[in-house]
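Undergrad: Pasting a predicted model and its sequence here:
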Amino acid sequence: MKTTKSRIIFFAIAITYNLLLGLYLKDFLVLSKTLTAFYLLSVLPTLFLPIEPRSKAMRTIVYIILVLDILMNLIYFISCRRLLPVMTMVFIVVELMYFITFANQPRKDSLVTKIPVLVITGLMLVTMLSAYNFVHKPDAPYLANGGATLWDTQTEELADEICAGYDTDADKVQAIYSWIIHNFEYDYDYNAFIQCFNVRHTLRTRKGVCYDFANLFAALCRSQNIPCYVVDGTPYNRAMEDHTWNRVYYDGLWWDLDVTNDISSTTNGKSLYGFRELTSAYASDKDYYITNIY
């Protein structure tokens, strides 16, 4: 009876947590298949709670799928520097500990228990595969929403306002670029071990570092269906100094631009980096060793 009560309480907490998380993410979930998939990987495991699998086989399946879920979120956190996986990982770890701590004496499960466990496991495996494909094999990475570059409906509305009255991609890119370099400043106090782009925070504070500005520029461009990459690199002579900039496509060509450099140049009255023509999106850079293009 005590175990049943604990399970009901924990299930209520799990539902409340995921409802609040869903409300916070609702504007992102509308536009991002990636984020929707990872949100489902937080929601689906809670369905194991009311089922209460008792046999060793069913519990082993639950333990394995929860561990895989944790690993999937960990990979997403490392590869895309997103904070959401941290929130979901913590909760899934707690849920895994709950099953281990409150496990009753093993007994044979009926089909009423086995079928839901297998169905939920199957749904989670399909969702994991989808999440993997969304992150590592996007159809058009330069337009994708949900990896390192993530935007919500409010960001898209802002991009619409910035680009209002412009018809060509070239004009829209110039409008977005000009808006950013004249409305943001470099955050010299920023000192985080891992940079995670938060579009809401960047737009609210109007401050950031190169990673924030490059991802913001990409988010605004991609929301207008303009191909744009984010590029990570290190100077050839200073391997420990990371930098992030963009490559954007319009007028049939790829162009290199450094929004962060031009924010500082605008503030200090120096010459701008501007837009520099490239032979391809993956062309080498004369100043930086490119570590990642995404």
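TA: Looks like it came in fine. Residues are numbered from 1 along each chain as shown.

Undergrad: for residue 113, helix, strand, or coil?
TA: When classified by DSSP: H, G, I helix; E, B strand; the rest coil, residue 113 comes out as helix.

Undergrad: Actually, residue 54.
TA: Following three-state DSSP, the label given to residue 54 is coil.

Undergrad: and the closest residue to it other than its chain neighbours, how far is that from residue 37?
TA: For residue 54, ignoring the flanking residues on the chain, the nearest one in space by C-beta to C-beta, 6 or more residues apart in numbering is residue 107 at 4.7 Å. In short, each C-beta sits where N, CA and C put it, glycine included. Distance, residue 107 to residue 37, by C-beta to C-beta, to the nearest Å: 34 Å.

Undergrad: again with residue 7
TA: Distance from residue 7 to residue 37, counting by C-beta to C-beta: 27 Å.

Undergrad: Pick out whichever of these two has more residues nearby.
TA: Using other C-beta atoms under 10 Å as the criterion, residue 7 and residue 37 rank with residue 37 on top: 23 against 17.

Undergrad: Helix or strand next in line after the host helix or strand of that one, which one?
TA: Residue 37 belongs to helix 33-43 when assigned by DSSP states H and E. For helix 33-43, the following helix or strand on the C-terminal side (DSSP H and E) is helix 48-51.

Undergrad: Quick one: mean pLDDT for that following helix?
TA: In this model, helix 48-51 has an average pLDDT of 89.

Undergrad: now this protein, which segments are flagged as low pLDDT?
TA: Along the chain, segments meeting pLDDT under 70 span 1-3, 103-105.

Undergrad: before we move on, back to that, list of residues touching the helix holding residue 37?
TA: By C-beta atoms under 8 Å, 6 or more residues apart in numbering, the residues outside helix 33-43 that reach it are 18, 21-22, 25, 28-29, 69, 72-73, 76, 84-85, 87-88, 91-92, 124, 127-128, 130-131, 134-135, 144-147, 150.

Undergrad: please redo it, this time with the cut-off set to 7 Å
TA: For helix 33-43, contacts defined as C-beta atoms under 7 Å, 6 or more residues apart in numbering pick out 18, 21-22, 25, 28-29, 69, 72-73, 76, 84-85, 88, 91, 124, 127-128, 130-131, 134-135, 146-147, 150.

Undergrad: Stretch 242-249 too?
TA: Applying C-beta under 7 Å, 6+ apart, the contact partners of stretch 242-249 are 173, 210-211, 214, 217-218, 221, 226-234, 254-260, 278, 281, 288.

Undergrad: PyMOL command to pick out the buried ones of those?
TA: To isolate the buried members of the contacts of stretch 242-249 in PyMOL, using 16 or more other C-beta atoms under 10 Å:
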select buried, resi 173+210+211+214+217+218+221+226+227+228+229+230+231+232+233+254+255+256+257+258+259+260+278+281+288
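
Undergrad: Among the contacts of stretch 242-249, which lie within strands?
TA: 228-234, 254-257, 278, 288 (DSSP state E).

Undergrad: and which of those residues is nearest residue 51?
TA: Using C-beta to C-beta, residue 230 comes nearest to residue 51 of the ones in strands among the contacts of stretch 242-249, at 42.1 Å.
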